[in-house]
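S.K.: Let's see this in three dimensions:
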Amino acid sequence: MLQHERVEIIARKLKQQSSVRVTDLSRELGVSESTIRRDITEMAKEGQLKKVFGGAVAPMPVQDQRMVNTTSRAMAEKEVLRAEEKTEVAAYAAELIREGDLVYIDAGTTTGSMIDHITCADATYVTNGVRHAMRLAARGLRTYLLSGRVKTKTEAVIGYDAVGSLGKYHFNKCFIGTDGIDEECGLTTADIDESMVKTEAIARSGEVYILADSSKFGLVASVTFAPLDAGTVITDQLPDPAYRTKAKVMELRGSGTE
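M.R.: This next block holds a predicted model:
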């Protein structure tokens, strides 16, 4: 099959279903996944679609385009953004921890804000946040830090070694940060090595909580680490009630869960 034929099929599918996956297209069109990725890359350059992790989504009109995060902001920069909302979300999340829990706290500013509000001393805390671990330990809490490569900009332990060190744990609860929440692309982050750690922590947790202030809705970062229904999204305010059809949401300034 010629490239222009594949491009026509991909474009047609995007009109019909808004998103496509590389694996599905490869199987259906009888070509390698690398060939499909090249097709998608060329189409993205021409504005025919938007590349996302594992596939592509249909482009939207300019006036409706979602902001796309492509780089990780430094912790110091992120801490001052929407600080009040992050504190509100974090304080609520901290109240969910119970005695005897094995808790995973993801690196990030909103999850980091939880530490000041934790009152449960009889729990065990595991984190990939370097500063998180220091702050938890300084409060006298039983704390474990994952092993792996340290990403200086976000102060997070990431990569395959970090994923491997999660293998022995079975968490009662995990609290995960996100760079974007989107109906089509799910929960996204700007770094593939960070995404692997988030995905593994979610898979190893009984209760999953996604901490996100309202500005994260409608944003799409480079890599999807989980679908929208991976856990309960805790947010200060839900900007679009349509998200309730695809995710469980705790809206602190709204009508609650649904």
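
S.K.: Output the contacting helices and strands for whichever strand or helix holds Thr23.
M.R.: In this assignment (DSSP states H and E), Thr23 forms part of helix 22-29. In terms of contacts (3 or more C-beta pairs under 8 Å, 6 or more residues apart in numbering; DSSP states H and E), helix 22-29 is packed against helix 3-17, helix 33-45, strand 55-57. For the C-beta atoms, the positions are set from N, CA and C on the backbone; glycine is no exception.

S.K.: So what touches it?
M.R.: 1, 6, 9-10, 13, 32-33, 35-37, 40, 54-55 (C-beta atoms under 8 Å, 6 or more residues apart in numbering).

S.K.: Now do it against helix 3-17, angle only.
M.R.: 120 degrees (axes from the mean of the first three to the mean of the last three C-alpha atoms, to 10 degrees).

S.K.: Does His117 touch Ala90 like I think?
M.R.: Yes - with contact defined as C-beta atoms under 8 Å, His117 reaches Ala90; the gap is 6.1 Å.

S.K.: Looking at the two, which one has more neighbours?
M.R.: Ala90 (23 against 14; other C-beta atoms under 10 Å).

S.K.: Skipping adjacent residues, who's closest to the more buried one in space?
M.R.: Ser113 (3.4 Å; C-beta to C-beta, 6 or more residues apart in numbering).

S.K.: Which SSE is immediately downstream of the helix or strand the one you found falls within?
M.R.: Under the criterion of DSSP H and E, Ser113 resides in helix 109-113. Going down the chain from helix 109-113, the next helix or strand is strand 124-127, by DSSP H and E.

S.K.: by contact count, what packs against that next one?
M.R.: Strand 124-127 packs on strand 102-105, helix 130-138, strand 142-145, going by 3+ C-beta pairs under 8 Å, 6+ apart.

S.K.: returning to that earlier point: residue contacts, the residue nearest to Ala90?
M.R.: Lys86, Thr87, Val89, Ala90, Ala91.

S.K.: Packed most tightly, which of the helices and strands packed on helix 22-29 would that be?
M.R.: Mean neighbours per residue, mean count of other C-beta atoms under 10 Å, is largest over the helices and strands packed on helix 22-29 for strand 55-57, with a mean of 22.

S.K.: ok so, going back, what about the residue nearest to Ala90, distance to Ala123?
M.R.: 17 Å (C-beta to C-beta, to the nearest Å).

S.K.: Next: Ala44.
M.R.: Taking C-beta to C-beta, one finds Ala44 at 45 Å from Ala123.

S.K.: What of Arg244?
M.R.: Arg244 is 30 Å from Ala123, by C-beta to C-beta.

S.K.: Point out where the stretch 1-150 of the chain drops to low pLDDT.
M.R.: Within the stretch 1-150 of the chain, the ranges that satisfy pLDDT under 70 run 18, 53, 60-82.

S.K.: Now render the contacts of helix 22-29 as CSV, adding distance to Asn172.
M.R.: Formatted as CSV, these follow (distance: C-beta to C-beta, whole Å):
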residue, distance to Asn172
Met1, 50
Arg6, 47
Ile9, 46
Ile10, 43
Lys13, 41
Ser32, 42
Glu33, 37
Thr35, 44
Ile36, 40
Arg37, 39
Ile40, 40
Gly54, 30
Gly55, 33
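
S.K.: Specify which member of those is nearest to Thr232.
M.R.: Ranked by distance to Thr232 (C-beta to C-beta), the contacts of helix 22-29 are led by Gly54 at 24.0 Å.

S.K.: Kindly tell me how buried that closest one is, as a neighbour count.
M.R.: Residues near Gly54, counting by other C-beta under 10 Å: 16.

S.K.: Let me see the contact set for it.
M.R.: Contacts of Gly54 (C-beta under 8 Å, 6+ apart): Arg21, Val22, Thr23, Thr224.

S.K.: Isn't Val130 up against Ala156?
M.R.: Yes - contact criterion C-beta under 8 Å: Val130 and Ala156 qualify, at 7.3 Å.
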